[in-house]
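Enquirer: got a structure for you, letters missing:
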């Protein structure tokens with residue numbers, strides 16, 4: 001069961017099943033978690049072909065709906081464990097931003113969601129991740145530059161989260177610039 005939101009994003013006090021929320025396009029909350037490894041690469045998952053939304057497409061590292069009463073952070077921790085087999089502490093997640101999302105799969109699913117986006121910086125490799133084979137067909141790490149190229153080319157194999165991708169790219173570029181500038185300052189001294 002999911003909390004139904006008002007138009008302003010506040011909890012309405014109503015709850016509905018995931019199926020009803022999607023069928024009626026009711027506003028609800030989700031979480032997205034990007035995994036960034038020690039090489040500065042982002043984890044992408046290829047969604048199972050059986051998924052109702054974005055089947056068979058490359059997507060965010062980890063994502064899920066918030067169940068009734070879930071906090072954003074508890075939902076993010078649960079999804080990391082369920083989808084990728086990663087046990088992490090709340091303090092390891094960095095909140096990035098909140099983004100609205102609206103998707104229609106052309107049939108029976110209307111996603112009208114507000115998504116909290118997190119970053120998990122963790123030195124993990126593909127071999128260490130035990131992903132849920134019912135939800136994910138495969139995983140891979142790519143650089144931010146590679147993801148940016150896929151976005152710019154409007155790659156048809158990439159799930160449609162354009163607003164989120166652009167905000168993420170801005171944040172990663174800012175971090176790279178700060179790191180680069182600090183590294184240059186320390187080598188000049």
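Expert: It's in. Quick caveat, the model's predicted, so the values are computed rather than measured.
Enquirer: contacts and neighbour counts: CA atoms only from here.
Expert: OK.
Enquirer: What residues does the nearest residue to residue 117 once chain neighbours are set aside make contact with?
Expert: Closest residue in space to residue 117, ignoring its immediate chain neighbours: residue 32 at 4.8 Å, by CA to CA, 6 or more residues apart in numbering. Taking CA atoms under 8 Å, 6 or more residues apart in numbering as the contact definition, residue 32 lies against 60-64, 76, 115-118.
Enquirer: quick one: which of these is most hemmed in?
Expert: In terms of neighbours by other CA atoms under 10 Å, the contacts of residue 32 top out with residue 76 at 27 neighbours.
Enquirer: Give me the residues contacting the host helix or strand of that residue.
Expert: In this assignment (DSSP states H and E), residue 76 forms part of helix 72-84. Here helix 72-84 makes contact (CA under 8 Å, 6+ apart) with 30-33, 62-67, 86-90, 116, 118, 129-132, 135-136.
Enquirer: Please identify the buried residues of that helix?
Expert: Residues 72-73, 75-84 are the ones in helix 72-84 that count as buried (16 or more other CA atoms under 10 Å).
Enquirer: Now residue 91: phi and psi?
Expert: Main-chain torsions, residue 91, degrees, to the nearest 10: phi -70, psi -10.
Enquirer: Strands along this protein, start to end?
Expert: Ranges of strands in the chain, per DSSP state E, are 2-5, 11-16, 27-36, 41-47, 58-59, 62-65, 93-104, 110-121, 136-143.
Enquirer: how close does residue 127 sit to residue 72?
Expert: 28 Å (CA to CA, to the nearest Å).
Enquirer: same deal with residue 36?
Expert: 19 Å.
Enquirer: one step back: where among the strands of the chain is average confidence lowest?
Expert: Among the strands of the chain, strand 93-104 has the lowest mean pLDDT, at a mean of 86.
Enquirer: Dump the buried residues of helix 72-84 into JSON lines; add pLDDT as well.
Expert: Formatted as JSON lines, the buried residues of helix 72-84 follow (pLDDT from 0 to 100):
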{"residue": "72", "pLDDT": "95"}
{"residue": "73", "pLDDT": "97"}
{"residue": "75", "pLDDT": "96"}
{"residue": "76", "pLDDT": "97"}
{"residue": "77", "pLDDT": "97"}
{"residue": "78", "pLDDT": "96"}
{"residue": "79", "pLDDT": "96"}
{"residue": "80", "pLDDT": "97"}
{"residue": "81", "pLDDT": "96"}
{"residue": "82", "pLDDT": "95"}
{"residue": "83", "pLDDT": "95"}
{"residue": "84", "pLDDT": "97"}
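Enquirer: Quick check: the farthest pair among the residues you listed?
Expert: Spatial extent of the buried residues of helix 72-84 (CA to CA) is set by the pair 72 and 84 at 17.6 Å.
Enquirer: Pairing partners for residue 28 in the sheet, please.
Expert: residue 113 (DSSP bridges).
Enquirer: check contacts around it.
Expert: Residue 28 sits next to 2-5, 21, 112-114 when contact means CA under 8 Å, 6+ apart.
Enquirer: Cool, thanks, signing off.
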